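*Asks:* give me coordinates for this.
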Amino acid sequence: MQIEGKVFIVTGGASGLGEGTARMLAANGAKVVIADMQDKGEAVAQDIGGVFVKCDVSQEADGQAAVAAALKLGKLFGLVNCAGIAPAEKTVGKNGAHALAVFSKTVTVNLIGSFNMIRLAAEAMAKNEPESTGERGVLISTASVAAYDGQMGQAAYAASKGGVVGMTLPIARDLARNGIRNMTIAPGIFGTPMLFGMPQDLQDALAASVPFPSRLGTPEDYAKLAKHIIENDMLNGEVIRLDGAIRLPPR
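*Replies:* Numbering: from 1, shown residues only. Below you'll find the predicted structure:
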């Protein structure tokens, strides 16, 4: 699939991995809808010649609004799910049991939100005329290496990302007859606004823990892989770790 001239939705596109992907898509000639809760998405959209939609990915009406905005630009051919939250709380901590509301919200945003956007985008893509390859669209979601080696305090986050990993293949199988591919990227330790809020010495220690290259991943690293997935039509139903060979320790 060629990116140029296609319409893409990027959730979480106002910052971090999503912003990097939105900028990559626009630089390659795509029309981009940034779906995000952060108002700064408006400035990013203006900068790349895209459209901003304020969107809570876990809400059906918001997801529908993002798809509707994309369809006004043309045929929707791509979705990249980067919206997410990453709270940290132990199952039983100093203040007692893990707050159920925190666990529920994490799963709702990260897992249910990803599926909500996938199902709505895929419904629109299924109506496209197929490309020469037979494709009608491509879906990319974001998991995490925490889906495999979640650390202490990451039960909610790891569960939500494990769900994203687990639904990758069945969704790809569901949508095969429609010519729609479904992939997931599982990033390691990346330099995003969430991480940049940590003390510098902790950031440095995390970067040094990556075997090679011993640095934080960047939004550009993520965007490069997203670009390859979009353009390589044999990639389907798989989760790709993008992590510099890191395996997370217990803490």
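*Asks:* now Cys55. Nearest residue, chain neighbours left out?
*Replies:* Residue nearest to Cys55 in three dimensions, not counting chain neighbours: Ala35, with 3.8 Å by C-beta to C-beta, 6 or more residues apart in numbering. (Glycine included, C-beta is placed from N, CA and C.)
*Asks:* can you count the residues close to that neighbour?
*Replies:* 32 (other C-beta atoms under 10 Å).
*Asks:* pLDDT of the helix or strand in which Gly63 is found, averaged?
*Replies:* Here Gly63, judged by DSSP states H and E, is contained in helix 60-73. Mean per-residue pLDDT for helix 60-73: 98.
*Asks:* quick one: that helix to chain centroid distance?
*Replies:* Its chain's C-alpha centre and that of helix 60-73 lie 17 Å apart, by C-alpha atoms, centre = their mean, to the nearest Å.
*Asks:* how about residues contacting that helix?
*Replies:* Helix 60-73 has contacts (C-beta atoms under 8 Å, 6 or more residues apart in numbering) with 7-9, 11, 31, 33, 35, 51, 53-57, 76, 116-117, 120-121, 123-124.
*Asks:* buried ones only from those, please, as a ChimeraX command.
*Replies:* If you want just the buried ones from the contacts of helix 60-73 in ChimeraX, going by 16 or more other C-beta atoms under 10 Å, the selection is:
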select :7,8,9,11,31,33,35,51,53,54,55,56,57,76,116,117,120,121,124
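*Asks:* out of the contacts of helix 60-73, which are inside helices?
*Replies:* Using DSSP state H, the subset of the contacts of helix 60-73 located in helices is Asn116, Met117, Leu120, Ala121, Glu123, Ala124.
*Asks:* which non-adjacent residue is nearest the last one?
*Replies:* Excluding the flanking residues, the one nearest Ala124 by C-beta to C-beta, 6+ apart is Leu76, at 4.7 Å.
*Asks:* quickly list what that neighbour is bridged to.
*Replies:* Val7 (DSSP bridges).
*Asks:* how close does the residue most central in space within the chain sit to Ala208?
*Replies:* For the chain, Cys82 is the residue whose C-alpha lies nearest the centre (C-alpha atoms, centre = their mean; 2.6 Å). Per C-beta to C-beta, to the nearest Å, Cys82 is found 26 Å from Ala208.
*Asks:* how about Glu123?
*Replies:* With C-beta to C-beta as the criterion, Glu123 and Ala208 are 45 Å apart.
*Asks:* swap in Gly50?
*Replies:* Distance, Gly50 to Ala208, by C-beta to C-beta: 36 Å.
*Asks:* show me which residues of the helix holding Gly63 are buried.
*Replies:* In helix 60-73, the ones that count as buried by 16+ other C-beta under 10 Å are Asp62, Gly63, Ala65, Ala66, Val67, Ala69, Ala70, Leu73.
*Asks:* can you name the next helix or strand after the top strand by length along the chain?
*Replies:* For the chain, the longest strand by residue count, based on DSSP state E, is strand 180-187. Using DSSP H and E, the next helix or strand after strand 180-187 towards the C-terminus is helix 193-196.
*Asks:* right, and the helix or strand after that next one?
*Replies:* Counting by DSSP H and E, the element after helix 193-196 in chain order, helix or strand, is helix 200-208.
*Asks:* now do stretch 180-198: distance to the chain's middle.
*Replies:* 7 Å.
*Asks:* can I get the CA coordinates of it in CSV?
*Replies:* Extracted C-alpha coordinates of stretch 180-198, given in CSV (Å, rounded to 0.1, in the frame of the first residue of the first chain):
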residue,chain,number,x,y,z
ILE,A,180,-7.7,-5.4,5.8
ARG,A,181,-4.5,-6.1,7.7
ASN,A,182,-4.1,-5.9,11.5
MET,A,183,-0.7,-5.4,13.2
THR,A,184,0.6,-4.4,16.6
ILE,A,185,3.9,-2.8,17.6
ALA,A,186,5.2,-3.5,21.2
PRO,A,187,7.6,-0.6,22.0
GLY,A,188,10.3,-0.9,24.7
ILE,A,189,11.5,2.2,26.6
PHE,A,190,10.7,5.2,24.5
GLY,A,191,11.3,8.9,25.0
THR,A,192,7.7,10.1,25.3
PRO,A,193,6.1,12.9,27.4
MET,A,194,5.2,10.2,30.1
LEU,A,195,8.9,9.2,30.4
PHE,A,196,10.2,12.8,30.2
GLY,A,197,8.3,13.6,33.4
MET,A,198,10.7,11.3,35.3
